[in-house]
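In: Return atomic coordinates for the entry below.
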Amino acid sequence: MHSIAQFTPRRHLLALSLVGLLSACGGSDSDSTPAPQPEVNLVPVAQLDGPASVPERTSVLLSAEASSDADGGIVSYQWQLNLNGYDGGQISLLPNGETASLKVGELAEDADIEVVITVVDDQGADDTHALTLTLEEQDKAKLPQMPANPDEEIAGVDADSDGVRDDVEIKILELYPLSQPERELARMGAAKYAEVIASGTEEDDVKQTLAANELAKMSACFVGEYGMDASQKAAIIRALMLNTRERQQAYDAFDRSRSGTVGNSYDPTDLDCQLPQE
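Out: Have a look, this model is predicted:
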């Protein structure tokens, strides 16, 4: 019994020493390093550059090349055209990566449209930028004012001296707002009828002969443009030009002077069938 009691304290001290040694060697979890956090992707920045206004019958280049992505790269450029309800003209957007071509054809009136670019980076983040453009109709500004009394004289009013009565010029734009070739053909036809009316009024045989040749050229031009519908289209211009009794009487006098004569025929490909509105 005496022998056992003598060795018990030593064993207890040895156990305590082992516990202290394990603690000193880092056996506890209290000093472990936190797991690394994933990096946050920065959203790209969309930028769209272009003119503030675009005239009709014009093509302009829009660019998103200034768009950027601080921590990666842009992998997609998505273009969108918003006409905001406008349907009075021919407008198209042709994308080509970082750029796009905006083509504006004939316009019936001014319009505000919007082009939108969305850029997407290599981790799927995106950003959008919209550009508002004003499309400008150009032809109404070229028209003369409507005369106060357009039918007071047989010749009518031609304030801009282009060979076409001012009231008829205005009507032609109303008839063909989205077709410049048709307007120029109609203007040419109106100018030819003006020569016919003048020759009928003066009863000058030489002028009537020249006017008859010009009228034949006009007919050939309308056939070249409209084919089987040429007579119907020419009749529209004739009605505009012969809209009073005096003008119709002048045309009838011209027509009588041509009775029994043989008219000339023309190939429309050899003729200048347009009268531009300068």
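
In: Please count neighbours and contacts with C-alpha atoms only from this point.
Out: Noted.

In: residues in contact with Thr128?
Out: Counting by CA atoms under 8 Å, 6 or more residues apart in numbering, Thr128 touches Val45, Ala46, Gln47, Val116, Ile117, Thr118, Val119.

In: Equivalent analysis for Asn213, please.
Out: Counted by CA under 8 Å, 6+ apart, Asn213 has contacts Gly263, Asn264.

In: if we go to 10 Å?
Out: Counting by CA atoms under 10 Å, 6 or more residues apart in numbering, Asn213 touches Lys192, Val196, Lys207, Ser219, Gly263, Asn264, Ser265, Tyr266.

In: and what of Ser219?
Out: Gly189, Asn213, Glu225, Ala230, Ser231, Ala234, Ser265, Tyr266, Pro268, Cys273.

In: wait, the last one sits on Lys192?
Out: No. With contacts counted by CA atoms under 10 Å, Cys273 stays clear of Lys192, the gap being 11.0 Å.

In: Now for those two: what residues contact both?
Out: Both Cys273 and Lys192 are contacted by Ala186, Lys217, Met218, under the criterion CA under 10 Å, 6+ apart.

In: Closest one of those residues to Pro150?
Out: Ala186 (18.7 Å; CA to CA).

In: does the closest one belong to a helix or a strand, and which?
Out: Per DSSP states H and E, Ala186 falls inside helix 180-202.

In: what angle sits between the helix or strand that comes right after that helix and helix 180-202?
Out: Heading C-terminal from helix 180-202, the first helix or strand you meet, by DSSP H and E, is helix 205-226. Angle of helix 205-226 versus helix 180-202, following axes from the mean of the first three to the mean of the last three CA atoms, to 10 degrees, is 160 degrees.

In: For helix 205-226, buried residues please.
Out: 207-209, 211-223, 225 (16 or more other CA atoms under 10 Å).

In: do stretch 63-80 as well
Out: Ser63, Ala64, Ser67, Ser68, Asp69, Ile74, Tyr77, Trp79.

In: Can you pull out the low-pLDDT segments for the stretch 151-278 of the chain?
Out: Within the stretch 151-278 of the chain, no stretch has pLDDT under 70.

In: Which one (most neighbours) among the contacts of Ser219?
Out: When neighbours are counted by other CA atoms under 10 Å, Gly189 leads the contacts of Ser219 with 27 neighbours.

In: wouldn't it be in contact with Ala239 here?
Out: No. Assessed by CA under 10 Å, Gly189 is found out of contact with Ala239, at 11.4 Å.

In: if I look at Asp110, how far off is Val116?
Out: For Asp110, the distance to Val116 equals 20 Å [CA to CA, to the nearest Å].

In: Any buried residues in the helix holding Ala186, and which?
Out: With the criterion 16+ other CA under 10 Å, helix 180-202 contains buried residues 180, 182-201.

In: cool, and stretch 41-57?
Out: So for stretch 41-57, counting by 16+ other CA under 10 Å, buried means Val43, Pro44, Val45, Ala46, Gln47, Leu48, Asp49, Gly50, Val54, Pro55, Glu56, Arg57.

In: average model confidence for it?
Out: For stretch 41-57, the mean per-residue pLDDT is 96.

In: Could I get the CA-only coordinates of that stretch as CSV?
Out: Taking Å, rounded to 0.1, in the frame of the first residue of the first chain, the C-alpha atoms of stretch 41-57 are listed here in CSV:
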residue,chain,number,x,y,z
ASN,A,41,-17.1,40.9,-61.8
LEU,A,42,-17.3,44.6,-62.8
VAL,A,43,-20.2,45.5,-65.1
PRO,A,44,-19.1,46.7,-68.6
VAL,A,45,-19.9,50.3,-69.7
ALA,A,46,-21.9,50.8,-72.9
GLN,A,47,-21.2,53.9,-75.0
LEU,A,48,-22.9,54.8,-78.3
ASP,A,49,-21.8,57.6,-80.5
GLY,A,50,-23.4,59.2,-83.6
PRO,A,51,-24.9,62.4,-85.0
ALA,A,52,-27.8,64.2,-83.3
SER,A,53,-29.7,64.5,-86.6
VAL,A,54,-29.8,62.7,-89.9
PRO,A,55,-31.3,64.1,-93.2
GLU,A,56,-33.5,61.9,-95.3
ARG,A,57,-31.8,59.9,-98.2
